[in-house]
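K.L.:
need a structure here:
(one chain, ligands or ions: 1)
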Amino acid sequence: MKVKDAQFIISAVSNAQYPDGNLPEIALAGRSNVGKSSFINTLIGRKSLARTSSKPGKTQTLNFYLINEQFYFVDVPGYGYAKVSKKQRESWGKMIEKYLMERPQLKGVVIIVDLRHPPTEDDRLMYDFLKHYQIPVLIIATKADKIPRGKWNKHVKITMDTLDVEPSDSVVLFSSETGVGKEEAWRKLENWISD
Ligand code: GDP
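P.N.:
As a prediction, this is how the structure comes out:
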(Lines give C-alpha, C1' and ligand atoms only; values in the text may rest on other atoms or scores of the structure.)
Protein backbone atom coordinates (compact mmCIF):
# COMPACT_ATOMS: atom_id res chain seq x y z
CA MET A 1 0.00 0.00 0.00
CA LYS A 2 1.19 3.48 -0.75
CA VAL A 3 0.62 5.62 2.32
CA LYS A 4 -0.16 9.17 1.32
CA ASP A 5 -1.61 10.28 4.59
CA ALA A 6 -1.14 9.13 8.17
CA GLN A 7 -2.50 10.97 11.17
CA PHE A 8 -2.54 10.32 14.87
CA ILE A 9 -6.17 10.62 15.96
CA ILE A 10 -6.54 9.81 19.66
CA SER A 11 -5.13 8.04 22.70
CA ALA A 12 -8.29 6.45 24.00
CA VAL A 13 -8.81 5.20 27.55
CA SER A 14 -12.39 3.99 27.06
CA ASN A 15 -14.67 2.95 24.24
CA ALA A 16 -16.52 6.28 24.34
CA GLN A 17 -13.36 7.79 22.85
CA TYR A 18 -12.89 5.31 20.02
CA PRO A 19 -13.41 6.92 16.60
CA ASP A 20 -16.90 6.94 15.12
CA GLY A 21 -17.60 5.47 11.71
CA ASN A 22 -17.10 2.11 10.12
CA LEU A 23 -13.53 2.19 8.89
CA PRO A 24 -11.67 -1.08 9.40
CA GLU A 25 -9.20 -1.30 12.29
CA ILE A 26 -6.04 -3.35 12.61
CA ALA A 27 -4.68 -3.70 16.13
CA LEU A 28 -1.02 -4.21 16.97
CA ALA A 29 0.02 -6.06 20.08
CA GLY A 30 3.32 -7.08 21.56
CA ARG A 31 5.41 -6.88 24.67
CA SER A 32 6.95 -3.54 25.53
CA ASN A 33 10.03 -2.58 23.53
CA VAL A 34 9.57 -5.37 21.00
CA GLY A 35 9.52 -2.89 18.11
CA LYS A 36 5.80 -2.21 17.65
CA SER A 37 6.09 1.54 17.03
CA SER A 38 8.97 0.94 14.65
CA PHE A 39 6.84 -1.60 12.77
CA ILE A 40 4.03 0.94 12.31
CA ASN A 41 6.45 3.67 11.28
CA THR A 42 8.18 1.38 8.78
CA LEU A 43 4.89 0.33 7.22
CA ILE A 44 3.66 3.88 6.80
CA GLY A 45 7.07 5.21 5.81
CA ARG A 46 7.28 7.83 8.55
CA LYS A 47 10.16 8.31 10.92
CA SER A 48 8.19 8.84 14.10
CA LEU A 49 4.43 9.05 13.79
CA ALA A 50 4.03 6.22 16.27
CA ARG A 51 6.10 7.09 19.31
CA THR A 52 9.06 4.78 19.78
CA SER A 53 9.19 4.41 23.48
CA SER A 54 12.06 4.74 25.87
CA LYS A 55 9.50 4.36 28.68
CA PRO A 56 8.08 0.96 27.85
CA GLY A 57 4.52 0.12 28.69
CA LYS A 58 3.63 3.21 30.66
CA THR A 59 0.82 4.27 28.37
CA GLN A 60 -2.35 2.35 29.14
CA THR A 61 -4.20 3.69 26.12
CA LEU A 62 -5.28 2.54 22.69
CA ASN A 63 -3.68 4.83 20.13
CA PHE A 64 -5.56 5.26 16.86
CA TYR A 65 -3.74 6.22 13.65
CA LEU A 66 -5.80 6.98 10.56
CA ILE A 67 -4.12 5.78 7.37
CA ASN A 68 -5.12 7.22 3.96
CA GLU A 69 -8.51 7.96 5.52
CA GLN A 70 -9.10 4.30 4.75
CA PHE A 71 -8.39 2.34 7.93
CA TYR A 72 -6.94 2.67 11.44
CA PHE A 73 -3.88 1.15 13.00
CA VAL A 74 -4.65 0.70 16.69
CA ASP A 75 -1.59 0.54 18.87
CA VAL A 76 -2.32 -1.61 21.91
CA PRO A 77 -0.23 -0.88 25.02
CA GLY A 78 2.75 -3.19 25.41
CA TYR A 79 2.07 -6.10 27.71
CA GLY A 80 4.35 -7.80 30.18
CA TYR A 81 5.68 -4.63 31.69
CA ALA A 82 6.90 -5.74 35.10
CA LYS A 83 6.75 -2.36 36.81
CA VAL A 84 3.01 -1.78 36.62
CA SER A 85 0.97 -3.00 39.58
CA LYS A 86 -1.18 -6.12 39.49
CA LYS A 87 -4.25 -3.90 39.55
CA GLN A 88 -3.01 -1.92 36.54
CA ARG A 89 -2.28 -5.11 34.69
CA GLU A 90 -5.76 -6.35 35.37
CA SER A 91 -7.38 -3.14 34.15
CA TRP A 92 -5.08 -3.21 31.12
CA GLY A 93 -6.33 -6.69 30.37
CA LYS A 94 -9.98 -5.78 30.72
CA MET A 95 -9.80 -2.76 28.44
CA ILE A 96 -7.95 -4.67 25.74
CA GLU A 97 -10.11 -7.76 26.02
CA LYS A 98 -13.24 -5.68 25.71
CA TYR A 99 -11.86 -3.89 22.67
CA LEU A 100 -10.75 -7.12 20.99
CA MET A 101 -13.96 -8.99 21.74
CA GLU A 102 -16.54 -6.29 21.09
CA ARG A 103 -15.25 -3.95 18.41
CA PRO A 104 -17.03 -4.70 15.12
CA GLN A 105 -14.53 -2.63 13.11
CA LEU A 106 -11.62 -4.83 14.20
CA LYS A 107 -10.42 -6.89 11.21
CA GLY A 108 -7.43 -8.56 12.77
CA VAL A 109 -4.54 -8.33 15.19
CA VAL A 110 -0.84 -8.22 14.44
CA ILE A 111 1.24 -9.81 17.19
CA ILE A 112 4.79 -8.54 17.10
CA VAL A 113 7.46 -10.83 18.52
CA ASP A 114 11.24 -10.62 18.61
CA LEU A 115 12.80 -13.06 16.13
CA ARG A 116 15.86 -13.40 18.36
CA HIS A 117 13.99 -14.95 21.29
CA PRO A 118 11.21 -17.50 21.70
CA PRO A 119 7.84 -15.77 22.18
CA THR A 120 6.96 -15.10 25.83
CA GLU A 121 4.12 -16.52 27.89
CA ASP A 122 2.23 -13.24 27.30
CA ASP A 123 2.64 -13.67 23.52
CA ARG A 124 1.19 -17.17 23.82
CA LEU A 125 -1.73 -15.96 25.91
CA MET A 126 -2.49 -13.28 23.34
CA TYR A 127 -2.28 -15.75 20.45
CA ASP A 128 -4.51 -18.28 22.25
CA PHE A 129 -7.00 -15.56 23.18
CA LEU A 130 -7.29 -14.40 19.56
CA LYS A 131 -7.68 -17.94 18.26
CA HIS A 132 -10.32 -18.65 20.88
CA TYR A 133 -12.40 -15.69 19.72
CA GLN A 134 -11.65 -16.40 16.05
CA ILE A 135 -10.01 -13.04 15.50
CA PRO A 136 -7.64 -13.12 12.50
CA VAL A 137 -3.96 -13.01 13.50
CA LEU A 138 -0.75 -12.10 11.73
CA ILE A 139 2.54 -12.76 13.51
CA ILE A 140 5.45 -10.46 12.77
CA ALA A 141 8.86 -11.65 13.91
CA THR A 142 10.87 -8.44 13.96
CA LYS A 143 14.52 -7.43 14.45
CA ALA A 144 15.54 -9.95 11.77
CA ASP A 145 18.56 -7.76 11.02
CA LYS A 146 20.00 -8.89 14.36
CA ILE A 147 20.07 -12.55 13.28
CA PRO A 148 22.32 -13.88 10.52
CA ARG A 149 20.33 -14.80 7.45
CA GLY A 150 21.40 -18.45 7.67
CA LYS A 151 19.63 -18.75 11.02
CA TRP A 152 16.37 -17.08 10.01
CA ASN A 153 14.51 -20.33 9.29
CA LYS A 154 15.56 -21.87 12.58
CA HIS A 155 14.30 -18.83 14.50
CA VAL A 156 11.02 -18.69 12.58
CA LYS A 157 10.49 -22.34 13.44
CA ILE A 158 11.13 -21.68 17.14
CA THR A 159 8.60 -18.82 16.95
CA MET A 160 6.01 -21.07 15.32
CA ASP A 161 6.60 -23.98 17.69
CA THR A 162 6.53 -21.85 20.84
CA LEU A 163 3.24 -20.22 19.87
CA ASP A 164 1.91 -23.49 18.48
CA VAL A 165 0.87 -21.56 15.38
CA GLU A 166 -1.96 -23.04 13.35
CA PRO A 167 -1.05 -23.91 9.74
CA SER A 168 -3.46 -21.27 8.43
CA ASP A 169 -1.59 -18.47 10.24
CA SER A 170 1.55 -16.83 8.91
CA VAL A 171 4.74 -15.70 10.56
CA VAL A 172 6.33 -12.87 8.59
CA LEU A 173 10.00 -12.20 9.15
CA PHE A 174 10.52 -8.47 9.49
CA SER A 175 13.04 -5.73 10.16
CA SER A 176 12.40 -2.06 10.69
CA GLU A 177 16.09 -1.45 9.99
CA THR A 178 16.22 -3.07 6.55
CA GLY A 179 12.54 -3.13 5.57
CA VAL A 180 12.57 -6.88 4.97
CA GLY A 181 9.03 -8.26 5.22
CA LYS A 182 7.37 -4.90 4.61
CA GLU A 183 5.72 -5.87 1.31
CA GLU A 184 4.58 -9.24 2.63
CA ALA A 185 3.12 -7.65 5.77
CA TRP A 186 1.21 -5.11 3.66
CA ARG A 187 -0.17 -7.86 1.42
CA LYS A 188 -1.64 -9.65 4.43
CA LEU A 189 -3.04 -6.48 5.96
CA GLU A 190 -4.56 -5.33 2.66
CA ASN A 191 -6.56 -8.56 2.59
CA TRP A 192 -8.02 -7.67 5.97
CA ILE A 193 -8.77 -4.09 4.97
CA SER A 194 -10.51 -5.00 1.72
CA ASP A 195 -12.40 -7.93 3.21
P1 GDP B 1 7.78 -0.61 21.15
O2 GDP B 1 7.96 -0.29 22.60
O3 GDP B 1 7.32 -2.02 20.96
O4 GDP B 1 6.95 0.37 20.41
O5 GDP B 1 9.25 -0.64 20.52
P6 GDP B 1 10.03 0.45 19.65
O7 GDP B 1 9.52 0.50 18.27
O8 GDP B 1 10.07 1.72 20.44
O9 GDP B 1 11.47 -0.22 19.59
C10 GDP B 1 12.21 -0.55 20.75
C11 GDP B 1 13.69 -0.51 20.42
O12 GDP B 1 14.01 -1.52 19.47
C13 GDP B 1 14.14 0.81 19.79
O14 GDP B 1 15.44 1.10 20.28
C15 GDP B 1 14.17 0.51 18.31
O16 GDP B 1 15.10 1.29 17.60
C17 GDP B 1 14.59 -0.96 18.30
N18 GDP B 1 14.06 -1.68 17.11
C19 GDP B 1 12.77 -1.76 16.73
N20 GDP B 1 12.63 -2.51 15.62
C21 GDP B 1 13.88 -2.90 15.27
C22 GDP B 1 14.42 -3.70 14.19
O23 GDP B 1 13.71 -4.22 13.30
N24 GDP B 1 15.77 -3.90 14.19
C25 GDP B 1 16.59 -3.37 15.15
N26 GDP B 1 17.90 -3.63 15.08
N27 GDP B 1 16.13 -2.61 16.16
C28 GDP B 1 14.79 -2.38 16.23
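
K.L.:
is it true that Thr178 touches Lys143?
P.N.:
No: Thr178 lies out of contact with Lys143 (C-beta atoms under 8 Å); the separation is 10.3 Å. Heads up, the C-betas are built off the backbone N, CA and C, glycines and all.

K.L.:
higher neighbour count, those two?
P.N.:
The neighbour comparison of Thr178 against Lys143 (other C-beta atoms under 10 Å) goes to Lys143, with 20 against 11.

K.L.:
state the phi and psi torsions of the more buried one.
P.N.:
Main-chain torsions, Lys143, degrees, to the nearest 10: phi 70, psi 30.

K.L.:
check Lys107 too.
P.N.:
Phi and psi for Lys107, reported as degrees, to the nearest 10, are phi -100, psi -20.

K.L.:
skipping adjacent residues, who's closest to it in space?
P.N.:
Leaving out its chain neighbours, the residue that sits closest to Lys107 by C-beta to C-beta, 6 or more residues apart in numbering is Trp192, at 4.0 Å.

K.L.:
make sure that neighbour is indeed in a strand.
P.N.:
No: under DSSP: H, G, I helix; E, B strand; the rest coil, Trp192 falls outside any strand and is assigned helix.

K.L.:
quick check: it vs Lys154, distance?
P.N.:
For Trp192, the distance to Lys154 (C-beta to C-beta, to the nearest Å) stands at 29 Å.

K.L.:
equivalent analysis for Leu49, please.
P.N.:
34 Å.

K.L.:
between the two ends of stretch 130-142, what distance do you get?
P.N.:
Terminal residues of stretch 130-142 lie 20 Å apart, using C-alpha to C-alpha, to the nearest Å.

K.L.:
now swap in stretch 157-168 and tell me
P.N.:
Chord length of stretch 157-168, first to last residue, is 15 Å (C-alpha to C-alpha).

K.L.:
quick one: residues in contact with that stretch.
P.N.:
With C-beta atoms under 8 Å, 6 or more residues apart in numbering as the test, stretch 157-168 has contacts from 113, 115, 118-119, 123-124, 127, 131, 139, 141, 171.

K.L.:
check stretch 10-22 too.
P.N.:
For stretch 10-22, the surrounding residues in contact (C-beta under 8 Å, 6+ apart) are 9, 59-64, 66, 72, 95, 98-99, 102-103, 105.

K.L.:
so who does the closest residue to Ala29 other than its chain neighbours touch?
P.N.:
Leaving aside its sequence neighbours, Ala29 sits nearest to Val76 (C-beta to C-beta, 6+ apart; 4.5 Å). For Val76, the contacting residues are 27-29, 62, 96, 99, 109, by C-beta under 8 Å, 6+ apart.
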